[in-house]
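Asks: sequence first, then the predicted structure, then my questions.
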Amino acid sequence: DAKTTQPPSMDCAEGRAANLPCNHSTISGNEYVYWYRQIHSQGPQYIIHGLKNNETNEMASLIITEDRKSSTLILPHATLRDTAVYYCIVRISNFGNEKLTFGTGTRLTIIP
Amino acid sequence: DARVTQTPRHKVTEMGQEVTMRCQPILGHNTVFWYRQTMMQGLELLAYFRNRAPLDDSGMPKDRFSAEMPDATLATLKIQPSEPRDSAVYFCASGPPHGTEAFFGQGTRLTVV
């Protein structure tokens, strides 16, 4: 699985959009981009994933560049409960029963 | 509301003692993962099972760790003997045969003194 690079930390004001970047310049054509987050003292939680098209669900939007070398997770209206570590993961499989390899993630702090 | 259940949530034990952590995966999920999280190493995959058979345990120290799935509703992770460096949060997750996300439990916080 390709490696990812994320900023170690970010702040965002409550109510604003939080944009979390991820670089995955060595991604292969058949690899998916996944995002998980881990709120303090809890297990990681799935957010969203995509292959090459932009994706949106009730939690977030995922924007993948045309060359697929980077992506951005967008939390449209951040709340204090969005304070967490966000992990960007690149993997071949899009099945939930395949392993995930976590990096160091981005610690997002939502400021009141 | 389906969830992965881990017990105990917290465990403090003395060095040299045996520790057993338990995980009940979500009904219908065919894969169980064990992860360990420390400040230094982050989230590391220790082992995982599919249809109760071990698929990969290369991340697990073989001399003291063992993982099993006695049945489809129970996965166990044992450490014998435990050492202070085993202090960490141990997460179990389960994954469905169809569907795109794995579900994590709340973790077992292990402290070995």
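Replies: The structure has been received and is ready for your questions. Computed from a predicted structure; not experimentally measured. Numbering: from 1, shown residues only, chains lettered A, B, ... in the order given.

Asks: OK, contacts around residue 95?
Replies: Reading this off chain A. B:95, B:97-100 (C-beta atoms under 8 Å, 6 or more residues apart in numbering or on different chains). (Each C-beta comes from the backbone N, C-alpha and C, glycine too.)

Asks: not quite, I wanted chain B
Replies: A:95-98, B:29-33, B:101-103.

Asks: closest to residue B:54 among these?
Replies: Nearest to residue B:54 among the contacts of residue B:95: residue B:32, at 10.0 Å, using C-beta to C-beta.

Asks: wasn't that closest one part of a helix?
Replies: No - counting by DSSP: H, G, I helix; E, B strand; the rest coil, residue B:32 is not found in a helix; it is strand.

Asks: my understanding was that residue A:17 contacts residue A:77; is that so?
Replies: Yes - between residue A:17 and residue A:77 there is a contact at 7.0 Å, judged by C-beta atoms under 8 Å.

Asks: partner residues bridging the closest residue to chain A within chain B?
Replies: Here chain B gets closest to chain A at one residue, residue B:104, 3.0 Å apart by C-beta to the nearest C-beta. Under the criterion DSSP bridges, residue B:104 forms beta bridges with residue B:93.

Asks: surely it touches residue B:43?
Replies: No - counting by C-beta under 8 Å, residue B:43 is not a contact partner of residue B:104; they are 9.7 Å apart.

Asks: count the neighbours of residue B:104 for me.
Replies: 24 (other C-beta atoms under 10 Å in any protein chain shown).

Asks: could you do residue B:4 as well?
Replies: Neighbours of residue B:4 (other C-beta under 10 Å): 23.

Asks: excluding its backbone neighbours, what's nearest the residue nearest the centre of chain B?
Replies: Chain B has residue B:34 as the residue nearest its centroid, 3.5 Å off, counting by C-alpha atoms, centre = their mean. Excluding the flanking residues, the one nearest residue B:34 by C-beta to C-beta, 6 or more residues apart in numbering or on different chains is residue B:46, at 4.4 Å.

Asks: next: residue A:42.
Replies: In space, residue A:42 is closest to residue B:106, 6.3 Å off (C-beta to C-beta, 6+ apart).

Asks: ok, now which ones touch the residue nearest the centre of chain A?
Replies: Computing the C-alpha centroid of chain A and ranking residues by C-alpha atoms, centre = their mean puts residue A:35 first, at 3.4 Å. Residues near residue A:35 by C-beta under 8 Å, 6+ apart: A:20, A:22, A:46-49, A:60, A:62, A:73, A:86-89.

Asks: which of the three states applies to it?
Replies: Three-state call for residue A:35 (three-state DSSP): strand.

Asks: can you pull out the strands in chain A?
Replies: Applying DSSP state E to chain A gives strands spanning A:9-13, A:18-23, A:32-38, A:45-50, A:55-56, A:61-64, A:70-75, A:84-91, A:106-111.

Asks: likewise for chain B?
Replies: So, for chain B - with DSSP E - the strands run B:5-7, B:10-13, B:19-24, B:31-38, B:42-50, B:53-56, B:65-71, B:74-79, B:88-95, B:103-104, B:108-112.

Asks: just send the ones you listed back as JSON lines, with mean pLDDT too.
Replies: Below are these laid out as JSON lines (pLDDT from 0 to 100):
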{"stretch": "strand B:5-7", "mean pLDDT": "98"}
{"stretch": "strand B:10-13", "mean pLDDT": "98"}
{"stretch": "strand B:19-24", "mean pLDDT": "98"}
{"stretch": "strand B:31-38", "mean pLDDT": "96"}
{"stretch": "strand B:42-50", "mean pLDDT": "95"}
{"stretch": "strand B:53-56", "mean pLDDT": "92"}
{"stretch": "strand B:65-71", "mean pLDDT": "95"}
{"stretch": "strand B:74-79", "mean pLDDT": "98"}
{"stretch": "strand B:88-95", "mean pLDDT": "97"}
{"stretch": "strand B:103-104", "mean pLDDT": "96"}
{"stretch": "strand B:108-112", "mean pLDDT": "98"}
